[in-house]
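for reference, the sequence and a predicted model appear below.
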Amino acid sequence: MFAATLLTNPTNPILDQALVETLRNAWGGGAARWLNPGIAAEFELTEKPANLWEVWADLQAMKVDLCLQPAQGRRKAMLLADMDSTMIQQECIDELAAEAGVGERVAGITARAMNGELDFEGALLERVGLLKGLPESVIAKVLAERITFMPGGKQVIATMKAHGAHTALVSGGFTAFTEAVAAALGFDEHRANILLTEAGRLTGDVGRPILGKQAKVDALNQITARLGISPSQVIAVGDGANDLGMLHLAGSGVALHAKPSVAAQCDLRVNHGDLTALLYLQGYAVADFAPV
């Protein structure tokens, strides 16, 4: 059995009952279940439709996301999340670079690295090198003035934890940011790279080993082993090329507002919904959401 989930941006609840019923009837699905009126609905199917991606493309034009996945085991025991442009709406290194006066140059490298056009580690070292000499105090300034959370993050973490799940933030960014973001959103743990400092200024380097694509896979394997669960019991979310390893290994790998080259390699793509989509994909209804 498969679960088909349709969802849209909660700030624009345009999911129409007629649309859901039309698709359900066309695919011979089971009874539709509304997870949040106007925002998310689901129904079950006995087999994967041959025209899935054609329908997906049509719905994208209507600002509706469609995700299909095995119905069994959808509710996960662990969340593994990327930080930059996933749990927060910015790329931390780009914001630091803007403060250093090299924002445009660094942002261009970041975009190419996240799209898989550049080696992640090399691109990280090049960008961090451009931050050399920046006062360490700028980190707190960026956190306070430039960083905003992706909508729905607190609901996802609170709800999954209320149902016994473990939550981990794993970033190719920096611990100076993951520590603050993890604490604010309620993550159980976090991992990231360490920005090296000396005499109150950034040295232009990071600690070794560098946490990149393989390190995210390693984190998934290490944390699940410690918890006594399998990777199939994990829902992972990210947007960049360095997230693909963990997205493919996890039971549910969600490309959230991802770079096109990344989304194309993932079956679960959320381009219009916010982070609460991670709950709807697991079959949670809005009435199940934990208070935040």
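That came through fine.

averaged pLDDT, stretch 185-202. What do you get?
Regarding stretch 185-202, the rounded mean pLDDT is 97.

contact partners for residue 85?
For residue 85, the contacting residues are 91, 114, 239, 240, 257, by Cβ atoms under 8 Å, 6 or more residues apart in numbering. (Each C-beta comes from the backbone N, C-alpha and C, glycine too.)

ok, the second one - how many residues close by?
This points to residue 114. Residues within reach of residue 114, counting by other Cβ atoms under 10 Å, total 25.

how about the first one?
By the measure other Cβ under 10 Å, the count of residues near residue 91 is 22.

residue contacts, it?
Contacts of residue 91 by Cβ under 8 Å, 6+ apart are 84, 85, 107, 110, 114, 173.

what's the first-to-last distance across stretch 258-274?
From its first residue to its last, stretch 258-274 covers 12 Å (Cα to Cα, to the nearest Å).

let me see the ranges of the helices in the stretch 101-250 of the chain.
103-114, 120-129, 138-145, 153-162, 175-185, 213-227, 244-249 (DSSP state H, counting those that start in this stretch).

turn those helices into TSV, columns for distance to residue 77.
Formatted as TSV, the helices of the stretch 101-250 of the chain follow (distance: least, Cβ to Cβ, whole Å):
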stretch	distance to residue 77
helix 103-114	28
helix 120-129	28
helix 138-145	30
helix 153-162	9
helix 175-185	19
helix 213-227	7
helix 244-249	15
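
residue 124 against residue 110, yeah?
No: contact criterion Cβ atoms under 8 Å: residue 124 and residue 110 do not qualify, at 9.3 Å.

could you list the domains of this structure?
By the assignment in automatic domain parsing, the chain contains the domains 1-72, 75-90+149-292.

give me the common contacts of residue 124 and residue 110.
Shared contacts of residue 124 and residue 110, defined by Cβ under 8 Å, 6+ apart, comprise residue 93.

what comes into contact with the helix or strand bottoming out on mean pLDDT in the chain?
Taking mean pLDDT, DSSP states H and E as the measure, the chain has helix 103-114 as its least confident helix or strand, at a mean of 87. By Cβ under 8 Å, 6+ apart, the surrounding residues in contact with helix 103-114 are 85, 91, 93-94, 97, 118-120, 123-124, 126-127, 130, 239-242, 259, 262.
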